[in-house]
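> Quick one, structure for this:
(one chain, ligands or ions: 1)
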Amino acid sequence: STSQHDQFEERYLCYISHLGKGNFGCVELCRYDPLGDNTGELVAVKKLQPNKVSNLEDFHKEVKTLSVLHCDYIVKYRGVCYSAGRLSMSLVMEYLPYGSLNGYVWTNRHNITTRRMLLFASQICKGMEYLQTQRYVHRDLAARNILVANDSLVKIADFGLTKVLPFDKEYYRLSQPGQSPLFWLAPECLNENKFSNKSDVWSFGIVLHELFSYCDNSFNPKRLCLQEIGQNVQGTSISMHLANMLANNWRLPAPPNCPPKVYSLMKECWTYDFDQRPTFSHLSKKVENMIQDDR
Ligand SMILES: CC(C)(Nc1nc(-c2c[nH]c3ncc(Cl)cc23)ncc1F)C(=O)NCC(F)(F)F
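Residues are numbered from 1 along each chain as shown. Sure thing, here's the model as predicted:
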């Protein structure tokens with residue numbers, strides 16, 4: 001369904017500030033102000049840098065992906081803005097004022113409760129459950145790619161690496177190793193470039209670890225894995241070292257003061273055999289039960 005704002009006119013998009021660099025493009029905070037009186041809505045505008053034609057195709061796919069997703073726990077698509085005579089285009093999304101989840105949790109680490117973190121975790125599960133019903137695989141689930149709408153609502157964002165599953169297969173095989181960050185990837189992604197809803201579940205376990213580490217950079221997944229690999233990484237690539245460690249049943253250690261039941265939920269997500277991993281609907285029920293028990 002096209003919202004009333006599917007087409008944004010560039011002349012009414014007023015630049016406010018730079019938000020960050022995403023997959024193939026930077027994202028800016030703008031006000032869409034056709035009345036010119038600063039009463040327009042704030043929007044996040046992802047500009048495509050048309051440096052490669054492949055990026056244009058991928059960008060069109062990202063726009064297509066986001067425009068068909070309607071879920072309270074997924075960042076809302078607002079529309080597109082064609083500029084410079086339809087040579088370049090921008091993706092217009094809702095602006096979430098509290099920023100990305102990793103920054104929010106770190107900033108509020110002294111007064112964010114276990115219950116609130118579990119609430120965020122259950123919302124991410126519901127967003128992922130919805131994504132699964134649309135046969136999408138996110139492939140880049142990480143705290144940096146979750147946005148905070150307010151103190152009790154988070155949304156999944158950044159669908160730049162998202163793929164739609166083929167009609168006849170429950171996994172998506174990448175032709176060559178992608179650009180997903182290694183330390184959030186399941187073993188079958190590292191070994192066979194196989195991505196599925198079950199590899200998104202593995203990444204969700206890593207997001208739980210980030211959350212309960214308060215997104216503290218000294219405990220982030222990359223640093224903990226590199227510590228385990230050891231600095232003297234011989235010829236074998238980091239990805240091979242990581243795959244071997246996971247095959248030998250090494251996993252990220254429990255974050256300091258992490259509730260045991262939360263750590264065992266992470267371990268369930270990190271089951272080596274992807275068929276044995278829980279589904280997002282199972283996970284959201286387990287997390288919601290934890291929220292009730294935590295009263
Ligand atoms: C590349 C970009 C801009 N980075 C950031 N966005 C926002 C940020 C803050 N509020 C936002 N509202 C909407 C959007 Cl799309 C981004 C933001 N805040 C900080 C960022 F580094 C981004 O897209 N990150 C992925 C996301 F966090 F969105 F999953």
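> Doesn't Arg31 lie inside a helix?
No - per DSSP: H, G, I helix; E, B strand; the rest coil, Arg31 lies outside any helix segment and is strand.
> For the ligand, see how far away it is.
According to C-beta to the nearest ligand atom, to the nearest Å, Arg31 and the ligand sit 13 Å apart. For the C-beta atoms, the positions are set from N, CA and C on the backbone; glycine is no exception.
> Tell me who's in contact with that residue.
By C-beta atoms under 8 Å, 6 or more residues apart in numbering, Arg31 lies in contact with Leu13, Cys14, Ile16, Asn38, Gly40, Glu41, Leu42, Val43.
> Could I have the buried ones of those residues as ChimeraX selection syntax?
A single ChimeraX command selects the buried members of the contacts of Arg31 (16 or more other C-beta atoms under 10 Å):
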select :13,40,43
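> which strand of this protein spans the most residues?
Looking across the chain with DSSP state E, the single longest strand is strand 13-22.
> circling back: overlap between the contacts of Arg31 and the residues near the ligand?
Filtering those for proximity to the ligand by C-beta under 6 Å from any ligand atom leaves nothing.
> where does Ala177 fall, phi/psi-wise?
In this structure residue 177 is Pro, not Ala. Torsion angles at Pro177 (phi, psi; degrees, to the nearest 10) stand at phi -50, psi 130.
> quick one: the one residue in the stretch 101-250 of the chain that gets nearest to the ligand from Tyr73, how far?
Here the residue of the stretch 101-250 of the chain nearest the ligand is Ala157; by C-beta to the nearest ligand atom that distance is 3.0 Å. Separation of Ala157 from Tyr73 (C-beta to C-beta, to the nearest Å) stands at 10 Å.
> swap in Glu28?
The value you get for Glu28 to Tyr73, if C-beta to C-beta is used, is 24 Å.
> If you count neighbours, what's buried in stretch 155-172?
Result for stretch 155-172 [16+ other C-beta under 10 Å]: buried residues Lys155, Ile156, Ala157, Asp158, Phe159, Gly160, Leu161, Thr162, Lys163, Leu165, Tyr171, Tyr172.
> can you tell me the average pLDDT over it?
Averaging pLDDT along stretch 155-172 yields 92.
> Might you quantify the distance of that stretch from its chain's geometric centre?
How far stretch 155-172 lies from its chain's middle: 12 Å, per C-alpha atoms, centre = their mean, to the nearest Å.
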